[in-house]
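Engineer: Here's a sequence, model it:
(one chain, ligands or ions: 1)
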Amino acid sequence: MASMGSLPFVIDTAIEGSILLHGKSYSRSKLPFFAYRPRKSLDFGGLTFGCSNVVAEDTARCSFCCHRVMNLKATGKDSGEVGESDEHEEDTLHATIEKSKKVLAMQRDLLQQIAERRKLVTTIKSSAIDPEGIPEVDGVDFEQSDSSLTSLDVDALTDGGYTNEDSSRDIVLSANTARQPDDDLQEVLPSSFGKGKGAKEHVKNFPAKSSLEVDSYKQLKGTMRSSELPPFLSASSATSTLEHKKTEDFKESSLQEVNAPANEDVKAPPLAGTNVMNVILVAAECAPWSKTGGLGDVAGALPKALARRGHRVMVVAPFYGIYAEPQNTGIRKRYKVDGQDMEVTYFQAYIDNVDYVFIESPIFRNIENNIYGGNRMDILKRMVLFCKAAVEVPWHVPCGGVCYGDGNLVFIANDWHTALLPVYLKAYYRDNGLMKYTRSVLVIHNIAHQFHVMLFVSHIPGYSLDLMFLLLNCPHLHCTQGRGPVDDFSYVDLPPHYLDLFRMFDPVGGEHFNIFAAGLKTADRIVTVSHGYAWELKTSEGGWGLHGIINENDWKVKGIVNGIDAKDWNPQLDAHLKSDGYTNYSLETFRSGKPQCKAALQKELGLLVRDDIPLIGFIGRLDHQKGVDLIAEAVPWMMGQDVQLVMLGTGRPDLEQMLRQIECQHHDKIRGWVGFSVKTAHRITAGADILLMPSRFEPCGLNQLYAMAYGTIPVVHAVGGLRDTVQPFDPYSESGLGWTFGKAEAGQLIHALGNCLYTYREYKNSWEGLQRRGMMQDLSWDNAAHHYEEVLVAAKYQWSDAKAPLWLRRSDRCD
Ligand SMILES: Nc1ncnc2c1ncn2[C@@H]1O[C@H](COP(=O)(O)OP(=O)(O)O[C@H]2O[C@H](CO)[C@@H](O)[C@H](O)[C@H]2O)[C@@H](O)[C@H]1O
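Structural biologist: Numbers count the residues shown, from 1 in each chain. A predicted model of the protein is given here:
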């Protein structure tokens, strides 16, 4: 079956003096160079599955496990013993040797990188007390590997050394050794599933687990009878028979696949280089399936950017409604929540190089419009189940045929809703010697979240007014940081000594239970969504009672400004600008495109269609944070300015009522749209001239980023991410991106807006310059993803007890 060139070879045996390929015997003296490599180095993946399907190109990847293999270009004939050398064979051999040199050069680079890592680990070892924290690097266990590896490999892998059976090559390849065949067979995807668009293809882009990264779950199952398994683990799936059948199907289809020629795509190395990891982002919402605000946008966009860098990325979210894309994997598990067994079913989709896993359970059903609704216990139970099920996804849910496993894995949890995940990871697994190399990063999008009623209270020193309002008056106190009475600890189902992580005290609320606090303490790293907010979180005004914990963990906190999804929020591609008189536009066409969108918006809202009147927009949750009440205060002034105003939002009923009332009073100039409409948000962003964001605090803010990308000028309270991203306009140097004001007060808003309107009317060129500068910025997620990657890598090499060693505190601070 083989022909000259690029067919796969299956090495059957390699014995002294000869080798058997596809059942044919080849004499050693006539063999192409690959046959000289000791059999051990070709042993990965076994003979029946996966890695035996090596292909012939410079640097080939196994079509299944994607591990780099040596150049195995075939030079033998396809049948019978290799005959006498002829000229053609000589040429081919030379070409092969040339190619092998290139491969060797690449390997040399790789070895150098390994050597550098080794040095790093040695440094870590020498400054650490806990040897358990020493991580493996790309599958190499430095504890176990031969100490002569570094020098030996780099030097020995030269042309001359290559023709010998050099054990150093074994070591090199074993660092990339593929998963065991058995692993594959245990965790494969149903055949119907693995065949989805790109489903298998994507797996081969990622490094498979090394033998050192075998799931701790499998180790556990291998050493214990099921009756002895720890109680925190999920109960066994009801689908085992089905899974077995599907496993067989998959085995067959995989074998068909490995037998097919697979030399077509030798891909460029990933941007992340040797930092490529498995990343699982876990969030309570993920656009476009579920979104109540910015968290949904981030969960929808950041994973794609990480995938573009070459990481294997998954998003895990609850399955709230009926979604078209995800398919039922048939895998079901049961977890205990408040003493009850709750079953979850995993749904899965693969879109834009990202795996999406949705956790379905009656507890999540039909709440897509009220994700955070219900009473405190309802929410708590949902989050307990979600986090328990999410931690085990890398064990149970095969994506494209292969589970992520728990080696080289980092979870990214988001806000208090998933802050239990780092705690469960530690308490259930790492404390028990499982998931030893799995790390967690907790992202703070909003440390306060919303609250609903405000009353006047007198000031307590050290506590901000905002916080006191929150503590005293929030009827949905559970919406903030996962707070509750200390008794709530019994619901999270953790060993008693974990209570201390959750127990908090503040002068207003007294002793209480706080999920966010426990997550922040336990996570290996903390990210928040801007530099400004990272700083504010450490203050009593900005930390909402958690500033003490943030300060104590300062060494692991990093601010990374959000990006924007360059497909969804791009005026050139925006799907919501393709109808009703709107139009797509770009930097080249915005002078005509934007006025067209403005006219379409005025028409749609029933406002006077006039190009010369500034159209001001506001989009956001209607709550204390967003400062919509400050806009209301400024309305009388605005109405004297010949402007139009449109406000879109939902939230606090009193603020919703306020919007309706303002519209009633100034129906000719104002629209107050109460509701959640993604389409309208896009259209306002495109059609408005100015966007107001008078937020009292704003961790990052996405709307000002969207506005700038659409040539809409932001007027913002200079706080948190707004200060980071909106550089104030300077008329002298014609620089800057918008207007800012220093205090969340109506007077200051009026002052900044007044200057903005003046520029709009009197200085058309300056205005256009502002628009151009805004639109020309690279606000994409790619930049942010690069910074996230640094955090993920730092987490990977983080000590397992989340306590930084002293040297790290001094020299590798994340701020
Ligand atoms: N009525 C409505 N109809 C349609 N769309 C609506 C809407 N109200 C809001 N949106 C949309 O929801 C998103 C809100 O983004 P924000 O950055 O204001 O997030 P939010 O404050 O919820 O999140 C938190 O997390 C994000 C992400 O990290 C941080 O940027 C932010 O500062 C922090 O408070 C935007 O896409 C906006 O268009």
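Engineer: List the strands paired with the helix or strand hosting Y350, with their directions.
Structural biologist: Using DSSP states H and E, Y350 falls within strand 340-351. Pairing partners of strand 340-351, with direction, according to DSSP bridges: strand 327-337 (antiparallel), strand 354-360 (antiparallel).
Engineer: Next, count neighbours for D341.
Structural biologist: Residues near D341, counting by other C-beta atoms under 10 Å, number 9. Yep, even glycine has a C-beta here, placed from its N, CA and C like the rest.
Engineer: Dig out what the nearest residue to it once chain neighbours are set aside forms beta bridges with.
Structural biologist: The shortest distance from D341 to any residue other than its chain neighbours is 4.8 Å, reached at R334 (C-beta to C-beta, 6 or more residues apart in numbering). Judged by DSSP bridges, the bridge partners of R334 are A235, E343.
Engineer: List the contacts of R334.
Structural biologist: Counting by C-beta atoms under 8 Å, 6 or more residues apart in numbering, R334 makes contact with S234, A235, D341, M342, E343, V344.
Engineer: before we move on, what SS does the closest residue to D565 other than its chain neighbours have?
Structural biologist: Spatially, and ignoring its direct neighbours in sequence, D565 is nearest to A301 (3.9 Å; C-beta to C-beta, 6+ apart). Assigned with DSSP: H, G, I helix; E, B strand; the rest coil, A301 falls in the helix class.
Engineer: one step back: drop anything exposed from the contacts of R334.
Structural biologist: With neighbours counted using 16 or more other C-beta atoms under 10 Å, these contain these buried positions: S234, M342, E343, V344.
Engineer: and which of those residues is nearest to L385?
Structural biologist: Set against L385, the nearest of these by C-beta to C-beta is M342 (5.4 Å).
Engineer: Surely the closest one and I359 touch.
Structural biologist: No: M342 is not in contact with I359 according to C-beta atoms under 8 Å; the separation is 10.6 Å.
Engineer: Tell me the residues that contact both of the two, please.
Structural biologist: Counting by C-beta under 8 Å, 6+ apart, the residues touching both M342 and I359 are L385.
Engineer: quick one: the helices in the stretch 251-400 of the chain?
Structural biologist: All helices of the stretch 251-400 of the chain, identified by DSSP state H, counting those that start in this stretch, fall at 294-308, 376-391, 393-396.
Engineer: How about the first one and the ligand, touching?
Structural biologist: Read that as helix 294-308. Yes: taking C-beta under 6 Å from any ligand atom as the criterion, helix 294-308 and the ligand are in contact, through G294, L295, D297, V298.
Engineer: So which elements touch that helix?
Structural biologist: Applying 3 or more C-beta pairs under 8 Å, 6 or more residues apart in numbering; DSSP states H and E, one finds that helix 294-308 contacts strand 278-282, strand 312-318, strand 354-360, strand 409-414, helix 781-796.
Engineer: cool, the longest one as well?
Structural biologist: Where contact means 3+ C-beta pairs under 8 Å, 6+ apart, helix 376-391 is packed against strand 278-282, strand 312-318, strand 327-337, strand 340-351, strand 354-360, strand 409-414, helix 420-424, helix 489-492.
Engineer: List just the one of these that sits closest to K669.
Structural biologist: Taking these one by one with C-beta to C-beta, strand 409-414 is closest: 39.0 Å.
Engineer: List the contacts of the closest one.
Structural biologist: The contact list for strand 409-414 (C-beta under 8 Å, 6+ apart) reads 277-284, 295, 298-299, 302, 387, 390-391, 394, 419, 421-422, 425, 435, 437-443, 445, 519, 523, 788, 792, 795-796.
Engineer: do the same with stretch 778-789
Structural biologist: Residues lying outside stretch 778-789 but in contact with it, judged by C-beta under 8 Å, 6+ apart, are 272, 275, 301-302, 304-306, 308-309, 311, 412, 527, 558, 560-566, 705, 708-709.
Engineer: can that stretch be found next to the ligand?
Structural biologist: No: Stretch 778-789 lies out of reach of the ligand by C-beta under 6 Å from any ligand atom, never closer than 10.5 Å.
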